[in-house]
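Colleague: quick one: sequence and predicted model below, then my questions.
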Amino acid sequence: MKYNVFKTKKEASKAAYETFKQYLKPNSVLGLATGGTPTDFYKEIIADYNLGNTSYKNNVTFNLDEYVGISYDHPESYHKFMDTNLFDHIDIDRKNINIPDASSEHLAEEIKKYQNKLNNKTINIQLLGVGSNGHIGFNEPGTFFNVGVHVVDLNEETIEANSRFFNNDKNLVPKQAVTMGIADIMKSEVIILLAFGENKKEAIKSLFDENEPTVDIPCTILKNHPNVYVFVDEEADYNK
Ligand SMILES: O=P(O)(O)OC[C@H]1O[C@](O)(CO)[C@@H](O)[C@@H]1O
């Protein structure tokens, strides 16, 4: 695991983008994340695209997750998030965008479909954030490492943390999500994990301690991945 500390989220995101670009090919399959963490990273993608340095015409994307129970046009749906923060600003072909359809009435079928699509591709570069409880995607503590795409009940800590996107009202936060599983994430060739803020420090620390990976802190499975880059700001630096 390569560990990189920068003063700010902005600087760390810029450096993470440089690493991303080293691996980026015109036909790379990209695994994408949402939440507060990747926003500056997406700004870097857009800025470089606007300079004419990149094109995403032939890239395929897979998002990690989506809330169950809110529509695509809800401002906090991850479909909307991706359009607003990235897809509306680059030349990606809409038919190459994959995000779990968590609003489907046939969720079990949708999950199967998403799993099949993932099984037929290799994610070349996976972008990850991490929850303060160590979740990656929405794989909450206790999730088995061999699990694929599934519906998850969000735990209290996650609902509390994400209420900042829902007028600070926990009751408005969806209680479930569809998420790629840890098994899917671990198949990615390169993982770029970003973490910003004091509340991520413990999760980051768990990536570098002497302990074996544990389902109690899902991100610790990344110790078993051969090619992970971690970018943090000073507040999330576990050495401080
Ligand atoms: O980036 P945040 O909002 O702190 O959330 C942490 C992580 O949890 C998720 O929201 C769960 O998908 C990730 O997208 C995110 O990186």
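Modeller: Arrived safely, thanks for sending. Residues are numbered from 1 along each chain as shown.

Colleague: only C-alpha atoms from now on, for both contacts and neighbour counts.
Modeller: Fine.

Colleague: what sits against whichever residue of the chain sits closest to the ligand?
Modeller: Of all residues in the chain, Gly129 sits closest to the ligand, at 3.0 Å by Cα to the nearest ligand atom. If a contact means Cα atoms under 8 Å, 6 or more residues apart in numbering, then Gly129 has 33-35, 37-38, 136-137, 193-195 as its contacts.

Colleague: hey, which helix or strand in the chain has the poorest pLDDT?
Modeller: Least confident helix or strand, the chain: helix 156-162 with a mean of 94, by mean pLDDT, DSSP states H and E.

Colleague: now what about that one, what contacts it?
Modeller: 131, 133, 170, 173-175.

Colleague: out of the residues you listed, who's nearest Val5?
Modeller: Closest to Val5 out of those is Gly131 (18.1 Å), distances taken as Cα to Cα.

Colleague: over to that closest one: give its phi and psi.
Modeller: Backbone torsions of Gly131, given as degrees, to the nearest 10, read phi -80, psi 160.

Colleague: buried residues, stretch 21-32. List them.
Modeller: 24-25, 28-32 (16 or more other Cα atoms under 10 Å).

Colleague: how about the residue positioned nearest the centre of the chain, phi and psi?
Modeller: Against the mean C-alpha coordinate of the chain, by Cα atoms, centre = their mean, the closest residue is Ala33 at 2.7 Å. Taking degrees, to the nearest 10, you get phi -120, psi 160 for the backbone angles of Ala33.

Colleague: surely it and Thr61 touch.
Modeller: No - the pair Ala33 / Thr61 is not scored as a contact, 10.4 Å apart, by Cα atoms under 8 Å.

Colleague: taking the buried residues of stretch 21-32, tell me the two that lie furthest apart.
Modeller: Within the buried residues of stretch 21-32, Lys25 and Leu32 form the most distant pair, 15.5 Å apart (Cα to Cα).

Colleague: would you list every one of the helices in this protein?
Modeller: Per DSSP state H, the chain carries helices over the ranges 9-23, 39-50, 78-85, 107-119, 156-162, 182-186, 201-208.

Colleague: mind checking if the last one is in reach of the ligand?
Modeller: When you say that, I think you mean helix 201-208. No - taking Cα under 6 Å from any ligand atom as the criterion, helix 201-208 and the ligand are apart, separated by no less than 10.9 Å.

Colleague: would you mind listing the buried residues in that helix?
Modeller: Within helix 201-208, the residues that count as buried by 16+ other Cα under 10 Å are 201, 203-204, 206-207.

Colleague: and the protein, which residues reach the ligand?
Modeller: With the criterion set to Cα under 6 Å from any ligand atom, the chain comes near the ligand through 33-37, 65, 128-131, 137-138.

Colleague: let's see it at 8 Å
Modeller: Applying Cα under 8 Å from any ligand atom, we find that the chain lies next to the ligand at 33-38, 64-66, 128-132, 135-139, 158, 161-162, 179, 194-196.

Colleague: which residue ranges of this structure form strands?
Modeller: Counting by DSSP state E, the chain has strands at residues 2-6, 29-32, 60-63, 65-68, 97-98, 125-128, 150-153, 176-179, 190-195, 228-233.

Colleague: need those strands in TSV (columns: distance to Ile111 and mean pLDDT).
Modeller: Listed next are those as TSV, based on distance: least, Cα to Cα, whole Å; pLDDT from 0 to 100:
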stretch	distance to Ile111	mean pLDDT
strand 2-6	33	98
strand 29-32	17	98
strand 60-63	13	98
strand 65-68	11	97
strand 97-98	12	98
strand 125-128	19	98
strand 150-153	6	96
strand 176-179	8	97
strand 190-195	23	98
strand 228-233	27	98
